[in-house]
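**Q** Predicted coordinates and the sequence they were generated for:
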Amino acid sequence: MAGRIEDYALIGDMQTAALVCRDGSVDWLCLPRFDSHAVFAGLLGTEEHGFWRVGPATPENTPVPLADRRRYRGDSLILESEWDTPRGTVRVTDFMPPRDGAPQLIRVVEGVSGRVPMRSSLRMRFSYGRVVPWVHKVGERTVAVAGPDSVWLDADVETHGRNLTTYSEFTVTPGDRITFTISWQPSHKEPPPLPDPEGSLEATADFWREWVGHCTYHGPYREAVVRSLITLKALTYAPTGGIVAAPTTSLPEEIGGVRNWDYRYTWLRDAAITLSSMLRTGYREEARAWRDWLLRAVAGDPENLQIMYGIAGERELGEAELDWLPGYENSGPVRVGNGAAGQLQLDVYGEVTEALHLAHMTGLSRNDYASLLQIKLINYLETHWNQPDEGIWEVRGPRRHFVHSKVMAWVAVDRTIKLIESGDADGPLERWKELRDEIHRDVCEKGYDKERNTFTQSYGSQELDASLLLIPQMGFLPPDDKRVIGTIEAIQRELSTEDGFVLRYPTSGAEAGVDGLEGDEGAFLACSFWLADDLAMIGRVDEARKLFERLLALRNDLGLLAEEWDPRLQRQVGNFPQAFSHVPLIDTALRLTASGAYGG
């Protein structure tokens, strides 16, 4: 049985990532990329589907205890877990060095006190736990081979095979350091070079120290902001600049439910807001890399803009179900690929244009094709903004005229008008000013419920939607507009949980709701941060700060957030860690810091 979602730590090398549980088990790792097949898929099944546990030795068929302490080493992705046992204390350090060749996961076992018996249990299963590899020795090394993949194990201690698992048993005393490394390599190539665990550890620590040193935020929430920035960096695919929404697939939005999706791709929306947060905190190089990724992915075809792409810009992301995996806590189906890639989501045009606008405003070097792309996007929106779409939440029900989509279409036109007015692009300025006014008027007439004094999820509907909280943040209406205040208060009344966190929209339990799916979901963390932003914008800064600090308290002990919070079970749910949760955390911290609305 996998641990609770918040029991996991993230380590990664900016090309893939692993999740390490409190008991020292790596239960998720895809090699060599975020979107590759998993070598360890126990997270979505059982130990039969692959895991690697390093921890104090226990009697057969008894669980390994959870670590007594764990932390990241300073501002890095180097994980340190410590166990206090009756025989002494031991530390395990886990990390993935930024890649220069074969991807590696390195584990260092260090004796702290006493004499502690230890065990490494390594069960590799390729193709998401479906394929048992051929495991054999090549000299002092152990290699697992299946089809195009090979994974090499290098260890300082003897290993042996039993029950299709590779074991090591050893004892550590103070000062002992025992290292284990797995390295991936295409199976037709020569073995990867022998690892240098100690040198790699030093280089990894240097990398993160240097990278964090560029952060320009030094406010009261620096610890939370820096950890979120490190997480976002870890979700960036270094070779291309693409940013995955999360490194996992099918972690459920409702335990036991069907709302399970593959997030190992680059959503334009998520990536655009990630870029915005990085620009605001001093990370221009990441912004430049993402802009270059965007231009390659969209290429010369902005009329067919997808909402998401593969991390190298791939367009085909066909969705399939892995029926041999039971799912996290039996939450099936397990899905890979994402059929939402073909949806029409008009808000994406606004998010992309807003990101390009911010890059321009913060002095990122001019790119003529980026300006041309922005003009082409508006040419498309000019004749398509008034169509129904699937909206920001990727509903699998019928298309609607979602208010948030129209607002973001307005944002796209507004920011492009500003680009033209700055002299950095040419376009039909007066015509697009009229278009901007037309969209604004349409939303205010058709998306606003005068009797309840609130904007609604879609034209003609009674439902609310948390994405409406972005109306003042995008500048569509000023924060003191009575319609904005009315919408904020309506969302607090109708979409908030007892803890004050925010649901995305109403769901219908066993009935199919507006999104075409059965079941419910947790409070959506991004929306809850948006509410804190809005409360600060309308002058309720103390309320905003208290909500923000309650949200910070939901992070696990390492500062990580999944997509949602289940208020009934009091636990994190959804894919983990989630960029769309960490980005608004950063943005809200910046807003509260600027307003002086923080405690202590």
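**A** Okay, I see it.

**Q** burial count for Arg177?
**A** The tally of other residues near Arg177 (other Cβ atoms under 10 Å) stands at 14. Where you see a C-beta, it was placed from the backbone N, CA and C, and this is true even at glycine.

**Q** swap that for Val395, sorry
**A** 23.

**Q** Next up, phi/psi of the closest residue to Arg296 other than its chain neighbours, please.
**A** Leaving aside its chain neighbours, Arg296 sits nearest to Gly313 (5.3 Å; criterion: Cβ to Cβ, 6 or more residues apart in numbering). Main-chain dihedrals, Gly313, degrees, to the nearest 10: phi 100, psi 10.

**Q** Near Gly313, how many other residues are there?
**A** Applying other Cβ under 10 Å, I find that Gly313 has 18 neighbouring residues.

**Q** hang on, isn't it packed against Pro239?
**A** No: using Cβ atoms under 8 Å, Gly313 is not in contact with Pro239; the gap is 11.1 Å.

**Q** I'd like to know how many residues surround the nearest residue to Asn330 once chain neighbours are set aside.
**A** For Asn330, ignoring the flanking residues on the chain, the nearest one in space by Cβ to Cβ, 6+ apart is Gly256 at 6.3 Å. By other Cβ under 10 Å, 12 other residues sit near Gly256.

**Q** which helices and strands sit right next to whichever strand or helix holds Arg91?
**A** Element membership for Arg91, per DSSP states H and E: strand 88-95. Packing partners of strand 88-95 (3 or more Cβ pairs under 8 Å, 6 or more residues apart in numbering; DSSP states H and E): strand 9-12, strand 51-56, strand 79-85, strand 104-114, strand 116-123, helix 197-212.

**Q** Note down every partner strand of it and its orientation.
**A** According to DSSP bridges, strand 88-95 forms sheet pairs with strand 79-85 (antiparallel), strand 104-114 (antiparallel).

**Q** Tell me which of those lies nearest to Ser277.
**A** strand 79-85 (23.6 Å; Cβ to Cβ).

**Q** what's next to that closest one, contact-wise?
**A** 9, 11, 20, 22, 24, 55-56, 65, 67-73, 89-95, 112, 114, 116, 558 (Cβ atoms under 8 Å, 6 or more residues apart in numbering).

**Q** Show me where this structure dips below the pLDDT cut-off.
**A** Along the chain, segments meeting pLDDT under 70 span 1, 300, 507-520, 597-600.

**Q** same thing but 50
**A** Applying pLDDT under 50 to the chain flags residues 509-512, 600.

**Q** Return the members of the contacts of strand 79-85 classed as buried.
**A** Among the contacts of strand 79-85, those classed as buried by 16 or more other Cβ atoms under 10 Å are 9, 11, 20, 22, 24, 55-56, 67, 70, 72-73, 89-95, 112, 114, 116, 558.

**Q** phi, psi of the closest residue to Pro63 other than its chain neighbours?
**A** Residue nearest to Pro63 in three dimensions, not counting chain neighbours: Asp23, with 7.0 Å by Cβ to Cβ, 6+ apart. Here is the backbone geometry of Asp23 (degrees, to the nearest 10): phi -90, psi 10.

**Q** Quick check: Asp23 touching Asp68?
**A** No: applying Cβ under 8 Å as the test, Asp23 and Asp68 come out as separate, 11.5 Å apart.

**Q** which residues of the stretch 101-250 of the chain fall in strands?
**A** Assigned by DSSP state E, counting those that start in this stretch, the strands in the stretch 101-250 of the chain fall at 104-114, 116-123, 134-138, 141-146, 149-155, 160-162, 165-172, 177-186, 236-237, 242-243.

**Q** Tell me which of the ones you listed is the most buried.
**A** strand 242-243 (a mean of 28; mean count of other Cβ atoms under 10 Å).

**Q** neighbouring strands for that strand, and are they parallel or not?
**A** With DSSP bridges as the test, strand 242-243 is paired with strand 236-237 (antiparallel).

**Q** Check the offset of the strand it pairs with from the chain's centre.
**A** How far strand 236-237 lies from its chain's middle: 11 Å, per Cα atoms, centre = their mean, to the nearest Å.

**Q** which residues are contacting that strand?
**A** Contact with strand 236-237 is made by 14-15, 33-34, 242-244, 266, 286, 289-290, 311-312, as judged by Cβ under 8 Å, 6+ apart.

**Q** any chance you could map the strands in the stretch 501-600 of the chain?
**A** With strands called from DSSP E, counting those that start in this stretch, the stretch 501-600 of the chain shows them at 523-524, 564-566, 571-573.

**Q** ok so, going back, indicate which one of the strands paired with strand 88-95 is closest to Glu223.
**A** strand 79-85 (16.6 Å).

**Q** For that closest one, buried residues please.
**A** Buried-residue list, strand 79-85, by 16+ other Cβ under 10 Å: Leu79, Glu80, Ser81, Glu82, Trp83, Asp84, Thr85.

**Q** now do stretch 324-334
**A** Buried, per 16+ other Cβ under 10 Å, within stretch 324-334: Leu325, Pro326, Gly327, Tyr328, Ser331, Gly332, Val334.
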